[in-house]
Structure formats: C-alpha cells, structure tokens
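Chemist: Just need the structure, nothing else, for what follows:
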Amino acid sequence: MEVKQLDKQPTQPKRWIVSEPIPEHIQDELKEFSPLMRQLLYNRGLKDTDSARVFITGSSPGETNPLFIKNMPEAVELLRETIVTGQKIAVYGDYDADGVTASALMYEFLSALGNQPRVYIPNRFDEGYGLNLDAVEQLASEGINLIISVDCGVRSETEVQRAKDLGMKVIITDHHLPAETLPPADAIINPRQEGDNYPEKALAGVGLAYKLAQAYLLRYPIEGLRAEDWLDLVAIGTVADLAPLRGENRNLVKAGLRYMQQQSRQGLYSLAQVAGLNLSNVNAGNIGFTIGPRLNAAGRMDTADTAFQLLTAKDPFTAGYLAQKIDVQNNERQAITQEIREQATAIALTRDPSAYIIFASSPNFSEGIVGLAASRIVETFYRPAIIGHEDKDHIIASCRSIPEFNITSALDQCKDLLVRYGGHSAAAGLTVKNENREKLLMRLEAIAKTQLQDIELASELLIDREIKLDKLEAKYIPEILGDIAALEPTGNSNPEVVFCSYNCKVVQARTVGNQDAHLKLKIRSGCKDFDAIAFRQGHWIQEMPDEIDIAYAIEINEYNGRQSVQLNIKDIKPSRGN
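Modeler: Numbering: from 1, shown residues only. As a prediction, this is how the structure comes out:
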C-alpha cells in the first residue's frame with residue numbers, strides 16, 4: 001500500500017464503525033431497559049440483564065477482599081509494626097496524576113494513623129521515573145525506616161537492594177508490568193506479578209495505594225476512619241492514567257465521582273474554580289480533559305510537588321494560590337505542546353514525508369512535553385511518533401503509537417542500540433546515543449513498514465447508532481441523556497456514547513478558542529436546528545461544505561446559568577447524499 005504523505009491537515013480522516021443492530025434475542029433479554037439503552041449495552045458487550053444491572057449501578061455482588069492480593073497481609077503487618085513503634089516512613093511517588101494522587105492518598109492515610117510520613121516525588125528532569133539511588137541514600141540519611149512506593153518501584157531492583165543494604169524496609173505498590181526478576185522488597189503489591197490470583201489486574205497506581213489502606217483498616221479498624229474517604233483521589237488518578245473503566249476500576253471511579261461532587265477537598269474545589277468546572281455534576285470526561293491535565297502540568301513544567309501540595313491543602317488561601325499556579329502552568333504547557341507539535345511536524349516533513357514512523361528531535365523540545373506532542377501527532381497523522389529532547393550526547397524521547405503497531409515490541413528488537421527504554425504497546429520512553437540515532441530509525445522504519453504496509457492507516461471511530469436529527473423530538477432528549485448518564489463513567493474500555501447523522505446542512509459556522517482552534521456550528525436537519533461544537537476542528541472553516549455528515553455526542557451546555565442541548569462533534573465528513 002502506498003503511504004499517504006504527511007500534510008498540514010490537523011487530522012486524518014477516520015473510519016466510522018457503526019455498530020450492528022442488536023439481535024432480537026438480546027432485545028428480549030434486555031427488555032427491562034429502553035430500546036436505546038439495550039443497543040448501548042449490547043455495543044459494550046453486555047448481553048444479559050444481570051451483568052447489565054451490575055454495570056449500570058457500579059456495584060458487584062461482593063467487592064474482592066484486598067487482603068487476597070499477593071503479599072498484602074505481609075505489607076499490612078509490616079506497616080502496622082512500623083506505625084506502632086513510631087518509626088519513620090517515606091512515601092515515594094511519581095510525578096504524573098496517578099502517582100501524585102497515590103502519594104496524597106498514602107500521605108493522608110498514614111497521617112490519620114498518627115504517622116507524619118516524608119513524601120518524596122522525584123523531579124522528572126533531574127531524576128527521571130521511579131526510585132533512584134541518590135534519593136534512596138538521602139532517605140536513609142534522614143533516618144527513614146520504611147519506604148512505601150506508589151505507582152513505581154516494581155522494576156527498581158538495584159535501588160531496592162540499596163535501600164535494604166542501608167537498613168530500610170520496602171513495600172512496593174505498583175501497577176506496571178514486572179520484569180522477570182523482582183526487587184528484593186519486603187512486600188510487593190502488584191496483581192500482575194506471577195502467582196497473584198487477585199482477579200482485577202488493571203488497577204491504577206492510586207487504586208493499589210487505596211487497596212493497601214483498605215486492607216489495613218479491614219485488619220485494624222479505627223472508628224471514624226474509612227478508606228472510602230479517599231475515593232475522590234482514586235477516581236482522578238484512575239481516569240487520568242487511562243486505566244480501563246470496567247470491573248472494579250469502574251466501580252471505584254463511579255463511587256469516587258460521588259465523593260468529588262460533595263466538594264469536600266479544598267484543593268480540588270479551588271482547582272475546579274480556576275478551571276471553570278462545576279464539581280456538583282463532575283464526570284470522568286472532566287477528569288480526563290480538565291483536572292488530570294492540570295495536575296500533570298505541574299510535573300511537566302516544574303515539580304509535581306505543587307500538585308501534591310494542592311491536593312492535600314486545607315487552607316483556602318493556600319489552595320487558591322496553588323490552583324492558580326497550576327492553571328498558569330497548564331496554559332504554558334498547552335502553548336509549548338502546540339509549538340513542539342508544529343516544529344516536529346516540520347522536521348518530519350523535511351526528513352521523510354512518506355515515513356511510517358514520525359520522528360523529530362531538538363535541543364529546544366522540552367523533555368516534559370515531548371510525550372504530549374507525540375500524542376497529538378499520532379492523533380493528527382495516525383502513525384507512530386517518536387519525539388525527543390536532544391542534549392550533547394543523547395536523545396531522550398517519548399514514543400506514542402497506534403493499535404496496529406506495538407512500539408515496545410519494536411524497541412525490543414532495537415535494544416542493542418538503546419541506552420534504556422520501557423513502556424507498553426501504545427506508549428514508551430527511550431534514551432539513545434546520538435551516534436546510534438540513524439541506525440535506530442532505519443531499523444524501526446523497516447519494522448514498521450513490514451507491519452503496516454498493507455494496512456489502511458486511519459483511526460476507527462466507534463459509533464453506537466445513527467440518529468435522524470429531523471425526527472428527534474425535544475421530548476426524547478431527557479430519556480436519551482438519562483441513558484447516556486447511566487453509562488458513566490466512560491473512558492478507556494467503556495467509550496463515550498457517539499451517534500452519527502447524515503446530510504446535515506451547515507447554517508452557521510465560526511471559529512472559537514485560542515488560535516481559532518475550535519469550530520462553533522449551527523446544524524439543520526429538516527426543520528430542526530441544533531447548536532454544535534467541534535473541538536480542534538477549526539480548520540474546517542476554510543473549506544466548509546454546505547452539507548456534512550457528523551459523528552457526535554449529545555450533551556447539555558451550560559452558559560451564563562442557562563442550559564441547552566449541544567452536539568459535541570467528534571468528526572466531520574463532507575456529505576455524499578447517503
């Protein structure tokens with residue numbers, strides 16, 4: 001297949017995959033639900049009443065006991081001994097939203113037990129991800145007796161051994177895939193390790209921190225103290241880390257959203273205020289697009305300590321100041337991401353417009369932002385992207401990929417050329433010496449060509465069903481919105497409800513937002529008009545067809561205290577008179 005060359009269009013066309021109509025026998029099985037809800041449930045693999053009820057309510061016949069996680073009883077007893085004897089504890093976290101929420105949870109939990117832990121979150125730029133030897137030695141010099149890692153540590157064999165040599169004990173809580181050899185920790189809490197029969201393997205880092213707190217309070221209950229009081233943090237970290245929203249994760253996030261709606265965490269309330277977010281009806285989308293990016297911005301632009309301090313702040317003035325600071329950092333992060341994206345695209349165009357892998361590096365690219373830029377480039381061109389920061393000797397890069405290409409597997413075939421690397425199928429990081437850059441790119445390109453040359457490189461957009469907008473009566477909207485709300489929280493493995501409609505007339509169109517990035521529309525079908533917003537699709541204004549086909553979500557837009565129905569357009573195609 002001939003590869004389409006890179007161009008400056010913001011997005012490649014998507015392949016719409018409209019779900020097949022629900023079979024009659026499944027209709028009968030799900031008859032207690034509305035016709036639309038039956039189709040939505042069927043599209044998500046739910047084909048019987050019992051599983052559908054569990055999915056919608058976000059409950060299960062009995063939550064799995066956290067003490068069933070391998071090594072959890074040993075971790076609880078070690079923690080108990082440390083608390084009772086008044087020894088010093090350090091919480092070692094990570095600089096992303098999952099790691100920061102896990103650090104905040106463990107800090108507040110240990111504080112509630114009467115221990116004032118030392119929280120250590122490494123600097124992305126100076127220390128990198130995970131435990132490092134300098135930090136371990138510093139904690140030992142401070143008299144720390146026990147290190148509890150959250151969202152990291154399962155591959156830190158050398159660092160954990162050093163901690164043990166220095167007389168410290170170590171509990172690792174980490175959801176990342178372990179290596180063949182585990183660190184010599186006193187207890188490793190990771191359902192993915194060999195021999196762990198805990199059924200939920202996809203808990204986020206903050207989810208495992210929560211499980212440790214939950215297990216401790218099951219074994220040693222304290223009146224008035226409940227692990228559930230930290231479910232707001234669990235919801236934020238789980239959604240921001242793109243953990244699958246099925247099974248226990250879905251239940252935890254659903255419950256956590258209810259805690260967030262109570263607006264009891266001062267730092268979160270202040271962050272919502274500066275972001276213009278109403279926490280009383282917060283959903284998973286708000287976490288993914290508003291809260292999570294701001295918490296991540298702190299670690300990408302400076303230090304994640306700011307985000308940690310915000311989440312644990314009690315004083316409104318302190319929380320307000322930190323929220324404003326993070327919001328400014330997020331605005332800076334957005335501008336830098338766009339700048340790197342544009343420069344990286346230009347470099348890739350110059351290098352090889354027909355390449356299967358988009359590669360660009362520069363000394364001017366911020367190491368904390370290259371991953372975001374790579375993600376945007378993948379969204380735009382639907383090809384794997386490697387974007388890196390150059391220094392004198394090395395390139396430190398972030399990789400983002402598409403479902404058809406496992407980037408970490410490809411890096412496995414190039415490990416002789418790499419200083420270090422790691423990740424999973426869709427995202428990875430690498431460090432390569434400058435002298436090996438061209439060899440690496442040639443090998444990766446050859447691997448990608450072999451795997452992708454016979455594939456149509458276009459992302460799929462899953463659509464739940466077609467709606468004829470000219471037949472959509474206002475009286476149906478509340479029921480439709482109710483069915484959609486019942487599927488919340490949506491995200492990874494439980495996609496947002498998306499509809500499509502054909503032959504829609506464009507009545508009005510204008511660009512809005514920074515750099516005219518977004519598109520505001522009025523759509524007409526038959527005699528009915530609908531307001532619509534299309535984020536990151538402002539480029540259509542240059543060649544807007546008279547009639548378009550649209551894929552969209554239905555939502556309520558709040559503006560100046562008024563609510564109205566709005567179509568949130570995910571993709572636009574020129575109408576072909578279907």
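Chemist: Distance of Ile171 relative to Pro184?
Modeler: 12 Å (C-beta to C-beta, to the nearest Å). (Each C-beta comes from the backbone N, C-alpha and C, glycine too.)
Chemist: More neighbours: which of those two?
Modeler: Taking other C-beta atoms under 10 Å, Ile171 and Pro184 do not tie; Ile171 has more neighbours (25 against 13).
Chemist: hang on, that one in a helix?
Modeler: No - looking at Ile171 with DSSP: H, G, I helix; E, B strand; the rest coil, it is strand, so not inside a helix.
Chemist: Could you double-check that it sits in contact with Met72?
Modeler: No - at 10.0 Å, Ile171 does not count as touching Met72 under the criterion of C-beta atoms under 8 Å.
Chemist: Mind listing the shared neighbours of these two?
Modeler: 187, 189, 212 (C-beta atoms under 8 Å, 6 or more residues apart in numbering).
Chemist: The second one: neighbour count?
Modeler: Neighbour count for Ile189, taken as other C-beta under 10 Å: 31.
Chemist: what's the pLDDT at it?
Modeler: The model reports Ile189 with a pLDDT of 98.
Chemist: which residues does it contact?
Modeler: So Ile189 contacts 69-72, 75, 171-174, 208, 211-212 (C-beta under 8 Å, 6+ apart).
Chemist: Which of the helices or strands spans Phe365?
Modeler: For Phe365, there is no host helix or strand (DSSP states H and E).
Chemist: Ok, Ala235 next?
Modeler: Ala235 belongs to helix 231-240, assigned by DSSP H and E.
Chemist: Contacts for that helix next, please.
Modeler: Residues from elsewhere that reach helix 231-240 (C-beta under 8 Å, 6+ apart): 96-102, 104-105, 151, 203-207, 210, 245, 249, 252-253, 255-260, 264-265, 268, 284, 287-288, 291-292, 295-296, 311, 489, 491.
Chemist: orientation of the helix or strand following that helix relative to helix 231-240 in degrees?
Modeler: Next helix or strand after helix 231-240 toward the C-terminus (DSSP H and E): helix 247-261. Inter-element angle recorded for helix 247-261 and helix 231-240: 120 degrees (by axes from the mean of the first three to the mean of the last three C-alpha atoms, to 10 degrees).
Chemist: buried ones in helix 247-261?
Modeler: 247-257, 259-260 (16 or more other C-beta atoms under 10 Å).
Chemist: What of stretch 348-365?
Modeler: 348-349, 352, 355-362, 365.
Chemist: Now, those residues that are in strands?
Modeler: If you go by DSSP state E, the buried residues of stretch 348-365 have 358-362 in strands.
Chemist: how close does Thr450 sit to Thr408?
Modeler: Thr450 sits at a distance of 17 Å from Thr408 (criterion: C-beta to C-beta).
Chemist: Counting neighbours, go ahead and name the busier of these two.
Modeler: Ranked by neighbour count (other C-beta under 10 Å), Thr450 and Thr408 place Thr408 first, with 19 against 10.
Chemist: Checking my notes, that one in a strand, right?
Modeler: No - counting by three-state DSSP, Thr408 falls outside a strand, being helix.
Chemist: wait, what's in contact with it?
Modeler: 421-425, 428.
Chemist: For the residue lying closest to Ile467 once chain neighbours are set aside, give the beta-bridge partners.
Modeler: The shortest distance from Ile467 to any residue other than its chain neighbours is 4.6 Å, reached at Phe499 (C-beta to C-beta, 6 or more residues apart in numbering). Per DSSP bridges, the residues bridged to Phe499 are Arg465, Tyr552.
Chemist: since we're on Phe499, how many residues are nearby?
Modeler: Using other C-beta under 10 Å, Phe499 is surrounded by 22 other residues.
Chemist: what do you get for Ala304?
Modeler: Neighbours of Ala304 under the rule other C-beta under 10 Å: 26.
Chemist: For Arg124, see how far away it is.
Modeler: According to C-beta to C-beta, Ala304 and Arg124 sit 8 Å apart.
Chemist: Between the two, which contacts overlap?
Modeler: Joint contacts of Ala304 and Arg124 (C-beta under 8 Å, 6+ apart) are Tyr95.
Chemist: The residue nearest to Ile467 is in contact with Lys468, isn't it?
Modeler: No - using C-beta under 8 Å, Phe499 makes no contact with Lys468, being 10.2 Å away.
Chemist: Please list all residues in contact with the residue nearest to Ile467.
Modeler: Residues near Phe499 by C-beta under 8 Å, 6+ apart: 463-467, 551-554.
Chemist: Now list the buried members of those residues.
Modeler: Among those, those scoring as buried are 463-465, 467, 551-554 (criterion: 16+ other C-beta under 10 Å).
Chemist: in stretch 268-288, what counts as buried?
Modeler: By 16+ other C-beta under 10 Å, the buried positions in stretch 268-288 come out as 268-275, 277, 279, 282-288.
Chemist: Restricted to helices, list those residues.
Modeler: Within these, residues falling in helices by DSSP state H are 268-275, 284-286.
Chemist: and which of those residues is nearest to Ala179?
Modeler: Nearest to Ala179 among those is Ala284, at 31.6 Å by C-beta to C-beta.
Chemist: dump the residue contacts of that closest one.
Modeler: 235, 239, 245, 253, 257, 488-491.
Chemist: Distance check, it against Glu456.
Modeler: 30 Å.
Chemist: same question, Ala97
Modeler: 34 Å.
Chemist: more crowded one of those two?
Modeler: Set Ala97 next to Glu456 and count neighbours by other C-beta under 10 Å: Ala97 wins out with 32 against 10.
Chemist: if I look at the closest residue to the more buried one other than its chain neighbours, how far off is Arg576?
Modeler: Spatial nearest neighbour of Ala97, chain neighbours left out: Ala240 (3.7 Å); criterion: C-beta to C-beta, 6+ apart. Distance of Ala240 to Arg576, given as C-beta to C-beta: 39 Å.
Chemist: who's more crowded, these two?
Modeler: A count of neighbours by other C-beta under 10 Å puts Ala240 above the other of Ala240 and Arg576, at 25 against 10.
Chemist: how far away is the more buried one from Gln453?
Modeler: From Ala240 to Gln453 the distance is 35 Å (C-beta to C-beta).
Chemist: How about Ser354?
Modeler: Distance from Ser354 to Gln453, by C-beta to C-beta: 11 Å.
Chemist: how about the strands in the stretch 51-200 of the chain?
Modeler: Using DSSP state E, counting those that start in this stretch, the strands found in the stretch 51-200 of the chain span residues 89-92, 118-120, 146-150, 169-173, 187-189.
Chemist: Could you export those as TSV, including distance to Ser564?
Modeler: Shown next, in TSV, are those (distance: least, C-beta to C-beta, whole Å):
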stretch	distance to Ser564
strand 89-92	45
strand 118-120	44
strand 146-150	42
strand 169-173	45
strand 187-189	47
